[in-house]
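# Give me a model of this one.
(one chain, ligands or ions: 1)
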Amino acid sequence: MLSKKLETIMNEQIGKEAFSSNLYLAMASWAETQGYEGIANWFYAQAEEEHLHMLKFIRFINEKGGKAILPAIEKPESVFHDVKFLFTEALKHEQFISNSINEIMHVAVEEKDFASQNWLQWFIFEQREEEASVQRILDKLNILGAHNMYLFDRDIMSLRAPSAPAAE
Ligand code: FEO
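Prediction:
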């Protein structure tokens, strides 16, 4: 059984994961309209992963006797200056999400909710992978400079990081 506090904070996370998915869709759409097919595909795939994260929280809350409630989602930005700005914003967002997951874990630890801690470990791993994946891309962009975006757009097809192992 989830405590009320965990249920509330996990419900808030549903909204954050839904926003993440929409944010990455907005980024994908921007990239697509700029002619960056590879970058667009990368963000479309990220958006799907975020949607799955949201689903995981919905199902876990309900399974543990809570009630998942879908919130209204804030409108994401739709205009991004350039590719480096795009990935810098993505990294900042992932760091925000990592902190949020850490906060949930902190509550689960305080409450000695070992089942939730065990389940949340998947997200801790996933966030580490996602931050590292975006950081690797930013490192490559720094090497390239502001030009050569054609080659970068082609190469990003092979830069996808492995996801965390499957979990319920
Ligand atoms: Fe589900 Fe990358 O936050």
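# any idea how far A90 is from the ligand?
Here the distance between A90 and the ligand works out to 9 Å (CB to the nearest ligand atom, to the nearest Å). To be clear about C-beta, it is placed using only N, CA and C from the backbone, and glycine gets the same treatment.
# roughly how far apart are the nearest residue to that residue once chain neighbours are set aside and the ligand?
Of all residues beyond its chain neighbours, the one nearest A90 is V134 (5.1 Å), with distances taken as CB to CB, 6 or more residues apart in numbering. Using CB to the nearest ligand atom, one gets 9 Å for the distance from V134 to the ligand.
# Could you count how many residues lie near V134?
Look at V134: counted by other CB atoms under 10 Å, it has 22 neighbours.
# what helix or strand does it sit in?
Remark: V134 resides in helix 114-144, with elements defined by DSSP states H and E.
# Show me what that helix is packed against.
Counting contacts by 3 or more CB pairs under 8 Å, 6 or more residues apart in numbering; DSSP states H and E, the secondary-structure elements packed against helix 114-144 are helix 37-63, helix 83-110, helix 149-155.
# mean pLDDT lowest for which of those?
Ranked by mean pLDDT, those bottom out at helix 149-155, with a mean of 87.
# in it, what's buried?
Within helix 149-155, the residues scored as buried using 16 or more other CB atoms under 10 Å are 149, 152-153.
# Mind putting the residues you listed into CSV with distance to G38?
Below are the buried residues of helix 149-155 laid out as CSV (distance: CB to CB, whole Å):
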residue, distance to G38
M149, 10
F152, 8
D153, 4
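# I'd like the residues you listed written out as CSV, with distance to the ligand added.
Putting the buried residues of helix 149-155 into CSV (distance: CB to the nearest ligand atom, whole Å) gives the following:
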residue, distance to the ligand
M149, 24
F152, 22
D153, 22
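# Within range of the ligand, give me the residues from the chain.
Taking CB under 6 Å from any ligand atom as the test, the list of the chain residues beside the ligand reads 17, 20, 50, 53, 94, 97, 130.
# how near is A146 to F85?
For A146, the distance to F85 equals 11 Å [CB to CB, to the nearest Å].
# so how many other residues sit close to H106?
A count of nearby residues for H106, using other CB under 10 Å, gives 11.
# and what of N102?
Applying the criterion other CB under 10 Å, we find 13 residues in the vicinity of N102.
# Nearest residue to it in space, please, no chain neighbours.
Counting by CB to CB, 6+ apart, N102 lies nearest to I124, which is 7.6 Å off, once chain neighbours are set aside.
# Just list the residues touching the one you found, thanks.
When contacts are counted by CB atoms under 8 Å, 6 or more residues apart in numbering, I124 touches 101-102, 105.
# From those residues, pick the one nearest the ligand.
For the contacts of I124, the closest approach to the ligand (CB to the nearest ligand atom) belongs to I101, at 7.8 Å.
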